[in-house]
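1. Mind folding the following:
(chains A and B)
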Amino acid sequence: MSEDRRLLRGLQRGENAAWRQIYLKYKDDLLTIARSLVRDVHTAEDCLQEVFVSLASDGCKVRSNLKGYLLSCVVNRARDHLRRRDAQSNCQVNRPEHRVDLTDPADILAEEDRVKAVTRALEKLPLEQREVVVLHLQADMAFRRIAAILGLSINTVQSRYRYGMEKLRQLLDEKEAI
Amino acid sequence: MMPSQRCEDVIRSVRVTASAATDERIIAAGEAAMARRNEHYSAGIHTSGVVRRTLMKSNWTKLATAAAVIVAIGLGMYVLTGSVDGTSITMAQIRQAMQGIDWMQLDNEIPEKEGTQWAWFSFASRVEIVCDPEGRVIHSNFNTGKKLVWTPGSQDICESDIDQRRQFIGGVGGPFEFIAKLFSFLTAEEGWKVTRELGTYQGQEVEIWSASRTREGASPARTEIAKVYIDLEKRLPVGFTEAVKGPDGEMRLLRSGRFKYPETGPADIYEAGAPRSAQIKPSGER
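-> Got it, this is the predicted structure:
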């Protein structure tokens, strides 16, 4: 039995430990996605809390694919938050965790600048493109799965991704030109 | 211009981690929600003996017995939560799952009679077919108003009119409606304790709804226990058991049954078990 399936069964039996393990396993991935979608870390934390409290209350609704379920919950909560407020982009960006192996301080600074620039450019994308880019790159989801979660055709998802990435590069070019 | 692959890599590398304070806040909120859910999961309820007695007296006792269990438990949950929107499988979900069902089969085991009774019901065709433990096959078509009965050893199938006072499954249109109709009979009268848990039933993953009631005043004192097994995947009742535990702790199975939802049922009384050689004869000719 897969770990998620075991955790789900525990959750359905009302086991606190199972719920807590699910939280610890997925919280950072989900927070990253939420943060990219709502562009504000505090709102992202609220999304995370709502998703996990809802999981605790209605955990038995999850039938399979726990990660997919949680991701779709985060996307929906993020949409709700964005609808409720006029999302501002002047939020505090957490220091990203670098996966690029750099040793030269100058390279590190340059890389941090690049990350900040890309993050800010990502925030400027329309929500429908941002959702697809974030789910594909940060949640490592295939286009087919994204299509299922968002209720879109795979062609629409791929188009949104393509347009999103083009727009992203365009925004970064504009920044470099400045 | 930043190459596409590089841009993707940078987005992938962005990672936000929850602070310890956030973890603490969310874990506290989540565990409180779990505690609330668990409290709702098991609690005492009141259901009506009227429902059960009404059913047991009906002409339609066989399926009714099984359904009464569902009513008692489902209704208990309704009373308990104030709505059917519980934390697990709900009556509303069962209603939804039952909406498209035409045929329902009930295999009913009755230890006292050392036999099994099979029954099929078509809600679209308004046909009721019962094979009782004595081997009789009774085919009632409420659209034509005709009832056919074959008795083991006989070469005749007796045809008669269905009693006009009798309605197809008590006048309901569907399997869930049958249960829902019985809600109206409920008055808080006798205390049942209802619990729900996950388990397996004949190899299927199910949620088990158990209702138990101790009859202190009865002689001898006994505890009545009814269980319904709900398929976790399809949200359909798949089985039930009724048992009595005596003062010595010994458990006696009164009845158990299995619900099935086949695509179709027996096309006629012959497919239900009457021999092909048996001739249908109006009751006056026999």
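2. okay, now the domains of chain A?
-> A:1-85, A:103-178 (automatic domain parsing).
3. mean confidence score for the longest one?
-> To tie it back to what came earlier, the one meant is domain A:1-85. Averaged over domain A:1-85, pLDDT sits at 84.
4. isn't there a strand covering residue B:194?
-> Yes: Residue B:194: assigned to a strand according to DSSP: H, G, I helix; E, B strand; the rest coil.
5. Run through the bridge partners of it.
-> Note on residue B:194: beta-bridge partners residue B:43, residue B:211, judged by DSSP bridges.
6. what about it, distance to chain A?
-> Separation of residue B:194 from chain A (C-beta to the nearest C-beta, to the nearest Å): 15 Å. C-betas here are computed from N, CA, C, even on glycine.
7. Show me the shaky parts of chain B.
-> Along chain B, segments meeting pLDDT under 70 span B:1-5, B:38-88, B:91, B:110-115, B:170, B:172, B:178-192, B:216-220, B:284-286.
8. Quick check: residues of it near chain A?
-> Proximity of chain B to chain A, by C-beta under 8 Å from any C-beta of the partner chain, involves residues B:1-2, B:4, B:7-18, B:22-23, B:25-27, B:29-31, B:33-34, B:36-38, B:41, B:87-89, B:197-198, B:232-233.
9. Show me those that map onto helices.
-> Using DSSP state H, the members of these that fall within helices are B:4, B:7-13, B:22-23, B:25-27, B:29-31, B:33-34, B:36-38, B:41.
10. From those, list just the buried residues.
-> Burial by neighbour count, judged by 16 or more other C-beta atoms under 10 Å in any protein chain shown, picks out B:7-11, B:13, B:22-23, B:26-27, B:30-31, B:33-34, B:37, B:41 from those.
11. Quick check: buried residues in the helix or strand containing residue A:162?
-> Per DSSP states H and E, residue A:162 falls inside helix A:154-177. Within helix A:154-177, the residues scored as buried using 16+ other C-beta under 10 Å are A:156-158, A:160-161, A:163-165, A:167-169, A:171-172.
12. Wait, residue B:169 touches residue B:130, no?
-> No: contact criterion C-beta atoms under 8 Å: residue B:169 and residue B:130 do not qualify, at 11.9 Å.
13. got the residue ranges for the helices in the chain?
-> I went with chain A, as the question did not name one. Counting by DSSP H, the helices of chain A are A:3-12, A:16-38, A:41-58, A:66-84, A:105-123, A:127-137, A:143-150, A:154-177.
14. Not quite, go with chain B.
-> Using DSSP H, helices in chain B cover B:4-13, B:20-41, B:49-57, B:61-81, B:91-98, B:175-182.
15. Buried residues of stretch B:227-241, list them for me.
-> Neighbour-count burial for stretch B:227-241 flags B:227-232, B:235-241 (criterion: 16+ other C-beta under 10 Å).
16. Serialize the helices of chain A to a markdown table and add fields for distance to residue B:253.
-> Formatted as a markdown table, the helices of chain A follow (distance: least, C-beta to C-beta, whole Å):
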| stretch | distance to residue B:253 |
| --- | --- |
| helix A:3-12 | 27 |
| helix A:16-38 | 33 |
| helix A:41-58 | 35 |
| helix A:66-84 | 38 |
| helix A:105-123 | 63 |
| helix A:127-137 | 52 |
| helix A:143-150 | 45 |
| helix A:154-177 | 53 |
